[in-house]
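Q: I'll drop the sequence and a predicted model, then ask my questions.
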Amino acid sequence: MTAPSSPGLPDYRAQSPAVAERFRKLQERPVVLEIEHLGRQFPGQAGPVTALRDISLKIHRRELVCVIGPSGCGKSTLIRIIAGLDDPSTGRMLVDGKETSGPCPERGMVFQGYTLFPWLSVKRNIMFGLEMGGMARDQADAEARQWIDLVGLTKFANNYPHQLSGGMKQRVAIARALAPNPRVLLMDEPFGALDAQTRAQMQAHLLEIWRNVDVTILFITHDLDEAIFLADRIVVLKAHPGEVQEIIEVPVPRPRHLSQVTSPEFLATRRRLDELIHPRDVHAPVEKLPIVRLTQAGDDVE
Amino acid sequence: MPRSRRFAIGQPLAPRPRLVLTLLSFLAPLLAWGLVSYVPWIWHPLIRVGSPGDVAWFQPGLLVERRVFAEENAKAVAAGGHAANGTRANPIFLPAPHEVGQAFYTAFHTKPLLRGDLWLHESLALSIKTIFWGFLLSSLFGVPLGILCGAYAPISRFAEPVIDFVRYMPAPAFGALAVAVLGIYDAPKVAIIFIGTFFQQVLVIANTVRRHDPALIEAAQTLGASPRRLLLRVIVPSCIVDLYNDQRILLGWAWTYLIVAEVVGVSSGITFFINQQAKYRNFDNVYAAIIIIGVIGLATDQLLALIGRQLFPWKHTRPSRLSLLLGRLSVGRATAAPSSPPASP
């Protein structure tokens, strides 16, 4: 796999000494989540369809890994399997070196559709996982309050989810997933339903939370800029069947801020992702739609 | 709101036209009834005899068909006698609104004609008791079974086919059986309400529970909820508002089985009252009793809706007309839970 060198942009694999040092340290940390040769087949009308094939991945403690890929690459299937909501056809999954399966609070999940419990207040939503873990009501209450403060929703502790905006709902969902103290936080396109401005705020919030909480994050997205902005490493999947195409170490230094979007490292990584995800768009001309003119001459918009 | 927008599909009504239309909904049939009752040339197919004249079999107050009245008068005049006179009248089974209105008062104060017959309020109490026990017993078994059917496919497959089969059997068909097993007094009546409600209830509740949001189940699972807790802490609360509204509708169905239930064994309750009054040809009392059933049903439903709004602050149930009315009457008092508008993130 060769990266075509482009004028003006560095190689996306080139890392500054600080970034290289950071990755070296990351590698030394213990592996929290490991998946080995994971595969998933679904029964189809014309024989079984392979959604995922031979996915292997090691995620170290407090690493933030993004998974991207074209639609139909099985990235949602992958995260559902890791969450224990779906079973793999082949392969296995280890958390802290121990094989595991099925849903478990050690692997918390944030869904795109918020999935807050509408009958519970913000505080009770966050207490849910704590109570399921057997924590006493008052202790769970106190702990939930800390999480509410952490995501900046102190004033909304007793509101119901339908009274919150999308971004606030997703912050509650993150706090709810983090409250039972998971080893891994799984996020399935969590900001996909938010408008651009809210999404940017939420990305910054997430990095802030991640900095302050001992948690390892696996984040699914289809937004390439989001992946570069958040991730230490980006796992690029390809579709039909879903396989790991490349794992990119993001050369953009931390701490991240929005101004880095135009930095050479960011653009180089972005270019590489574009090549991997939309390979045809780069070379083939855009297909013309067979539209006849329906407007008056002289009424042109372009 | 422009007039044309009122008939736009899916467009909610402003409070004022809402109230007006609600009132009209009751006033329009009342108006039609009043017209038929008070405007002589609309229907009035009979003549109430005033003075009988020389027609031998006429008596004051007798109701005669207009054709017969005319023929008898013609005969009397031809024989050289006096013609009878009278006023046009409606049949006895259609009393005027004011007569029924009076009956709302008099029915409660009319001493029963026969010893052992019950006063109206006693009959009503008996009927409400029958409904209460029938519906309570049915819910005690039907709601949990419905929830289990909705949540667990094996239970659904085992229970629902036979329930689906039995529900097609009309509840009154079990009347004779209920009497044979349970005697002739209150028990078989409760049993008919139970049979009429239970089988529908299981299926309706199961269907509602089946419509739960699977994403919430998955979220709860990733938070460590055990299967048993999923049922009580997620599935039931996620459907509780719909279940509550189902129960309101099912309670309405239970009322429709009341009349059949009350003729099983010894006729009793409001049905017995209605039948007795019909026998005495006190049709004003009959109408009053029927309308009272409607009033009780509507009032119960609206009361339950009002309670529902208090019970489930995160979601409003079907808006209760009573609560709207109360809200309009008590000016300045907030009836709905204050909901702050979504703030920016």
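A: Structure received.

Q: can you list the weak-confidence ranges in the stretch 51-200 of chain A?
A: Within the stretch 51-200 of chain A, no stretch has pLDDT under 70.

Q: Give me the distance between the residue of the stretch 1-150 of chain B found nearest chain A and B:F174.
A: Residue nearest to chain A within the stretch 1-150 of chain B (CB to the nearest CB): B:I147, separated by 15.6 Å. From N, CA and C alone the C-beta is placed, and that goes for glycine too. The spacing between B:I147 and B:F174, counted by CB to CB, to the nearest Å, is 25 Å.

Q: likewise A:I82?
A: Noted for A:I82: a distance of 55 Å to B:F174, by CB to CB.

Q: Please identify which of the two sits among more neighbours.
A: Neighbour totals were compared for A:I82 and B:F174, and A:I82 leads with 27 against 19 (other CB atoms under 10 Å in any protein chain shown).

Q: and the spatially closest residue to that one that is not a sequence neighbour, how many residues sit next to it?
A: Spatially, and ignoring its direct neighbours in sequence, A:I82 is nearest to A:L186 (5.9 Å; CB to CB, 6 or more residues apart in numbering or on different chains). Neighbourhood size, A:L186 [other CB under 10 Å]: 26.

Q: For A:I59, give the beta-bridge partners.
A: A:L33 (DSSP bridges).

Q: which residues are contacting the one helix or strand A:R145 maps to?
A: Here A:R145 sits within helix A:137-150, counting by DSSP states H and E. Outside helix A:137-150, the residues that touch it by CB atoms under 8 Å, 6 or more residues apart in numbering or on different chains are A:122-124, A:126-127, A:130-131, A:135, A:154, A:156-157, A:175-176, A:178-179, A:209, A:212-213.

Q: before we move on, what about stretch B:284-297?
A: Defining contact as CB under 8 Å, 6+ apart, one finds that stretch B:284-297 is touched by B:95, B:99-100, B:102-104, B:106-107, B:110, B:120, B:123-124, B:127-128, B:252, B:255, B:258, B:270, B:273-274, B:277-278.

Q: Check stretch A:78-90 too.
A: Outside stretch A:78-90, the residues within contact range by CB under 8 Å, 6+ apart are A:33, A:35, A:37-41, A:52, A:55, A:67, A:77, A:93, A:100-104, A:107, A:109, A:184, A:186-188, A:218, A:220, A:237, A:242, B:218, B:221-222.

Q: how about 6 Å then?
A: Outside of stretch A:78-90, the residues within contact range by CB atoms under 6 Å, 6 or more residues apart in numbering or on different chains are A:38-41, A:52, A:102-104, A:107, A:109, A:186, A:188, A:220, B:218, B:222.

Q: do stretch A:229-240 as well
A: With CB under 6 Å, 6+ apart as the test, stretch A:229-240 has contacts from A:63-70, A:72-73, A:75, A:203, A:227, A:245-250, A:256, A:276.

Q: Using neighbour counts, trim these to the buried set.
A: A:63-70, A:73, A:75, A:203, A:227, A:245, A:248-250, A:256, A:276 (16 or more other CB atoms under 10 Å in any protein chain shown).

Q: Near residue 300, how many residues? Count them for me, please.
A: Going with chain A. A:D300: 8 neighbours (other CB under 10 Å).

Q: please go with chain B instead
A: 16.

Q: same thing with A:R62?
A: A:R62: 16 neighbours (other CB under 10 Å).

Q: follow-up on the earlier one: which ones among the contacts of helix A:137-150 lie within helices?
A: Members of those lying in helices (criterion: DSSP state H): A:122-124, A:126-127, A:130-131, A:175-176, A:178, A:209, A:212.

Q: still on that earlier bit, now do the same for the residue nearest to A:I82: helix, strand or coil?
A: Three-state assignment for A:L186 (DSSP: H, G, I helix; E, B strand; the rest coil): strand.

Q: contacting residues around it?
A: A:79, A:82-83, A:107, A:109, A:218 are the contacts of A:L186 under CB under 6 Å, 6+ apart.

Q: That one pairs with what?
A: Taking DSSP bridges, one obtains A:M109, A:L218 as the residues bridged to A:L186.

Q: same thing with A:G242?
A: Partner residues in beta bridges with A:G242, using DSSP bridges, are A:L52.

Q: What backbone torsions are found at B:A89?
A: phi -150, psi 160 (degrees, to the nearest 10).

Q: Please name the nearest non-neighbouring residue to it.
A: B:R48 (4.1 Å).

Q: For that neighbour, list each beta-bridge partner.
A: Taking DSSP bridges as the rule, B:R48 bridges to B:L63, B:T87.

Q: Would you confirm that it contacts B:R88?
A: No: contact criterion CB atoms under 6 Å: B:R48 and B:R88 do not qualify, at 7.7 Å.

Q: where does the closest residue to chain B within the stretch 101-250 of chain A land in three-state SS?
A: Going by CB to the nearest CB, chain B is nearest to A:G167 of the stretch 101-250 of chain A, at 2.6 Å. Counting by three-state DSSP, the backbone at A:G167 sits in helix.
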